[in-house]
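Novice: Just the structure for this:
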Amino acid sequence: MKLFYAPTSPYVRKVMVTAHELGLADGIEKLPSAAHPVKRDERIALANPLAKIPAAITPEGDTLFDSRVICEYLDANVPGRHLFPAEQKARWRALTLQALGDGLLDAALLSRYEMTARPEARQWADWVQGQMTKVDGALARLEEHVETLSGPLTIGLITIGCALGYLDFRFAHRPWREDHPRLAAWYAVFAERPSMQATIPRDAS
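Specialist: Purely as a prediction, here's the structure:
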């Protein structure tokens, strides 16, 4: 599989953590990309008309996007592995956690874009606050229901892990652990997984 790749994208990280957990990471060819909310990367648009990453090209030549679809495709290609559980109750829990993690990331990214992609004179502080309120709501929900993060590894846990990692990467000035000690304890263990260690985001030097 070919994957339009950026080492700083939390959604690309989600795909790569999934690939590592399934033993598929070495078979993925990473294609360079520069996704941006304003400056369109036509290389990505060849696979995804939205020009967003992650986008993938399967060995059969089919194109897949976004992270939810690509991760489920990877999971379906490894018999006996179920990051997307088959049992109904476990499946809905995993997919709901995935939606919560993706929503946290969506809000964090929109806040970051407002502060970095928009000219300073046009930045809207209320917009940033509104997005970060969503982030805070997601963190509070996870802290209150941290028991939902127990049990076998699923796509939901991977997404939450990547979302918390993104907060550490891009919002280190806004620490979240002090107000969410149970969630912080869970993440301290989860972040040590080899798949997470292999995909730590770094800005290009």
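
Novice: Which strands and helices lie in contact with the helix ranked longest in the chain?
Specialist: Scanning the chain for the helix with the most residues, using DSSP state H, yields helix 88-116. Counting contacts by 3 or more CB pairs under 8 Å, 6 or more residues apart in numbering; DSSP states H and E, helix 88-116 packs against helix 10-22, helix 67-76, helix 125-144, helix 155-170. In short, each C-beta sits where N, CA and C put it, glycine included.

Novice: export the first one as PDB, just CAs?
Specialist: C-alpha atoms of helix 10-22 as PDB (Å, rounded to 0.1, in the frame of the first residue of the first chain):
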ATOM      1  CA  PRO A  10      -2.100  12.800  14.000                       C
ATOM      2  CA  TYR A  11      -4.400  11.100  11.500                       C
ATOM      3  CA  VAL A  12      -1.400   9.700   9.600                       C
ATOM      4  CA  ARG A  13       0.000   8.600  12.900                       C
ATOM      5  CA  LYS A  14      -3.300   6.800  13.700                       C
ATOM      6  CA  VAL A  15      -2.900   4.800  10.400                       C
ATOM      7  CA  MET A  16       0.700   4.000  11.100                       C
ATOM      8  CA  VAL A  17       0.100   2.900  14.700                       C
ATOM      9  CA  THR A  18      -2.600   0.600  13.400                       C
ATOM     10  CA  ALA A  19      -0.200  -0.700  10.700                       C
ATOM     11  CA  HIS A  20       2.500  -1.400  13.400                       C
ATOM     12  CA  GLU A  21       0.000  -3.200  15.600                       C
ATOM     13  CA  LEU A  22      -1.100  -5.400  12.700                       C
END
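
Novice: Next SSE downstream of it?
Specialist: Tracing the chain past helix 10-22, the next element assigned as helix or strand by DSSP states H and E is strand 29-32.

Novice: counting contacts, what elements does that following strand pack onto?
Specialist: Using 3+ CB pairs under 8 Å, 6+ apart, strand 29-32 is in contact with strand 2-5.

Novice: Can I get the strand it packs on as PDB, trimmed to CA atoms?
Specialist: Output of strand 2-5 as PDB, limited to C-alpha atoms (Å, rounded to 0.1, in the frame of the first residue of the first chain):
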ATOM      1  CA  LYS A   2       1.100   3.600  -0.700                       C
ATOM      2  CA  LEU A   3       0.300   6.200   1.900                       C
ATOM      3  CA  PHE A   4       0.400  10.000   1.500                       C
ATOM      4  CA  TYR A   5       2.400  10.700   4.600                       C
END
